[in-house]
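Chemist: Here's a sequence, model it:
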Amino acid sequence: MTASVPVTLPEWREFLRSYSDDYVRVATDEELAWLDEAQRERRWLGYGPATEDAVRAAEERLGTRLPPSYRNFLLASNGWRSIDLLIGELLTVEQIGWLPEADPALWETWAEDADDSGDDDLTGLLQRCVLLSAHADGDYWLLDGNTAGPDGEWTAYLWMASSGTEPQPYPSFGALVAHARERFETFRGEHGRPLHPEHAGDLLSEGRRQALAGEVGAALASLRAAHAKGSALAPYLAGLLTAFTEPGLSVTAYISNNVLYDRVLAAVDEVHLRAELIPLFLNLWRDDASQAPGYLARRFERYLPPAEMSPGLDPALSPGARARAEFDILASRAARYVPPVLPETPAFQRALDEARGLIAAGDDDAAWEVIRQALPLWEPGSPYRIASVILRVDPALRQIITPDRSRAIVTTPRRDGTVPP
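Modeler: Just a heads-up that it's a prediction; the model follows:
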């Protein structure tokens, strides 16, 4: 966690003022419309401070003193709007309460589910938690009253109940808010509204340098940091790199959630999209992704060959059967997709040609040895390339690329022949 964790009243005032200013500065008209007029004019997402008497009254009602970071938050703002991407509203000091009393319907639902599943730990946890947030699509903020540490702080939880996951703990309410702010800044940057775009280009360049040096972990960290600062090219390169180091499901999720956006795809020319990302993505369902053939192909439908002549879909098909038939058509179109081939350095191209010949002769190990020795000779040749994707998409070559070999392709240092964007 890089953001400072507010605890004292002056720290909260500064933190919340800065957070509000950041939110308003990059907010869309729709997001601004959700705030009331006073909040827009004051550039303040909170409300007036709770009084000391109101906080003490709540503590008497709860039968305990509230932890310092949350108590001082209330004295800075009695509630808050848009505190987190997952939470719409923080309750006022008059509204908070132990979960069973604050939201009986929620408590009864989860207590019954926990009883049915035998999850007594979750029931015990929820029973001793103070509910801090209003209902927001099944996500909640909680404070655990049985976890007071030497500093008086309680464990705070982000509970994404709608997803069925366990409550995620944070050392304190202040730590939870600081993490929410980091998540907000990252989300805005990744979607083209960076709060702090400075150094995005430097991080992108460093990530590319690290990748070509074979430092995959460091490269991915730099590229994802550049993405959070607004770089559109960084997630594209990170997606290509991840395809060599992660299993199919993880790559599919990363590319779907970070790369397949108009602003990211627009940062790359169509030739490189057609030659590397599209065939790589179309192949993922064959590399242990769980979706049906054709499901992934829909993402790039406009690039695929047209459908072969057919009598059309039977209008009597059920919605499920129609979807399966449409996916089958997309899978057929994807199978006929032929990507363009990007130029390679002469030495690396000779190695590819020799490897193909050895594969055709049935000597896969010898083919890999030829490729392995040639890997240091590979050069990107453009800012849109970061690894030899041809080894993962060529019909002959991809057959001999095991997971270990895939990782070796990107952990072997390569030449830096890239052209700055």
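Chemist: After the lowest-mean-pLDDT helix or strand in the chain, which helix or strand is next? Please name it.
Modeler: Lowest mean confidence among the helices and strands of the chain (mean pLDDT, DSSP states H and E): helix 104-117, at a mean of 73. Next helix or strand after helix 104-117 toward the C-terminus (DSSP states H and E): helix 120-127.
Chemist: what stretches of the protein score poorly on pLDDT?
Modeler: 1-3, 113-120, 136, 285-293, 310-311, 417-421 (pLDDT under 70).
Chemist: From A355, how far out is the residue of it most remote from its centre?
Modeler: No residue in the chain sits farther from the centre than A361, which is 43.3 Å out by C-alpha atoms, centre = their mean. Distance of A361 to A355, computed by C-beta to C-beta, to the nearest Å: 11 Å. C-beta here means a position set from N, CA and C on the backbone, and glycine is covered the same way.
Chemist: about what we covered before: E344 versus the residue farthest from the centre of the chain, what's the distance?
Modeler: 22 Å.
Chemist: next one: A102
Modeler: 64 Å.
Chemist: Which one of the two is surrounded by more residues?
Modeler: Between A102 and E344, E344 has the larger neighbour count (other C-beta atoms under 10 Å), namely 19 against 16.
Chemist: Now do the strands in the stretch 51-200 of the chain.
Modeler: Taking DSSP state E, counting those that start in this stretch as the criterion, the stretch 51-200 of the chain contains strands spanning 80-81, 89-90, 97-98, 129-131, 139-144, 156-160, 168-170.
Chemist: right, and the ones you listed - which one's nearest L304?
Modeler: Comparing the strands of the stretch 51-200 of the chain against L304 with C-beta to C-beta, the closest turns out to be strand 156-160 (36.0 Å).
Chemist: Just the terminal-to-terminal distance for stretch 83-94.
Modeler: Counting by C-alpha to C-alpha, to the nearest Å, you get 18 Å between the two ends of stretch 83-94.
Chemist: Okay, buried residues for it please.
Modeler: Within stretch 83-94, the residues that qualify as buried are 83-84, 86-93, counting by 16 or more other C-beta atoms under 10 Å.
Chemist: Ok, stretch 43-50 next?
Modeler: Quick answer for stretch 43-50 (16+ other C-beta under 10 Å): 44-47, 49-50.
Chemist: Going along the chain, name the helices of the stretch 151-300 of the chain.
Modeler: Applying DSSP state H, counting those that start in this stretch to the stretch 151-300 of the chain gives helices spanning 173-190, 200-212, 216-228, 233-242, 248-258, 262-265, 270-272, 278-283.
Chemist: would you put the C-alpha positions of the second one in PDB?
Modeler: Spelled out, that is helix 200-212. Provided in PDB are the C-alpha atoms of helix 200-212 (Å, rounded to 0.1, in the frame of the first residue of the first chain):
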ATOM      1  CA  ALA A 200       3.700   6.800 -17.600                       C
ATOM      2  CA  GLY A 201       6.100   6.900 -20.600                       C
ATOM      3  CA  ASP A 202       9.100   6.200 -18.400                       C
ATOM      4  CA  LEU A 203       7.400   3.200 -16.800                       C
ATOM      5  CA  LEU A 204       6.400   1.900 -20.300                       C
ATOM      6  CA  SER A 205      10.000   2.200 -21.500                       C
ATOM      7  CA  GLU A 206      11.300   0.500 -18.400                       C
ATOM      8  CA  GLY A 207       8.800  -2.300 -18.700                       C
ATOM      9  CA  ARG A 208       9.800  -2.900 -22.300                       C
ATOM     10  CA  ARG A 209      13.500  -2.900 -21.400                       C
ATOM     11  CA  GLN A 210      12.900  -5.400 -18.500                       C
ATOM     12  CA  ALA A 211      10.900  -7.700 -20.800                       C
ATOM     13  CA  LEU A 212      13.600  -7.800 -23.400                       C
END
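Chemist: Other residues contacting that helix?
Modeler: 194, 216, 218-223, 225-226, 229-231, 233-234, 237-238, 241, 380, 383, 386-387, 410, 413-416, 418, 420-421 (C-beta atoms under 8 Å, 6 or more residues apart in numbering).
Chemist: Sort out which of these are buried, if you could.
Modeler: 194, 216, 219-223, 225-226, 229-231, 233-234, 237-238, 241, 380, 383, 386-387, 410, 414, 418.
Chemist: And Y47, how far from R407?
Modeler: Distance of Y47 to R407, given as C-beta to C-beta: 52 Å.
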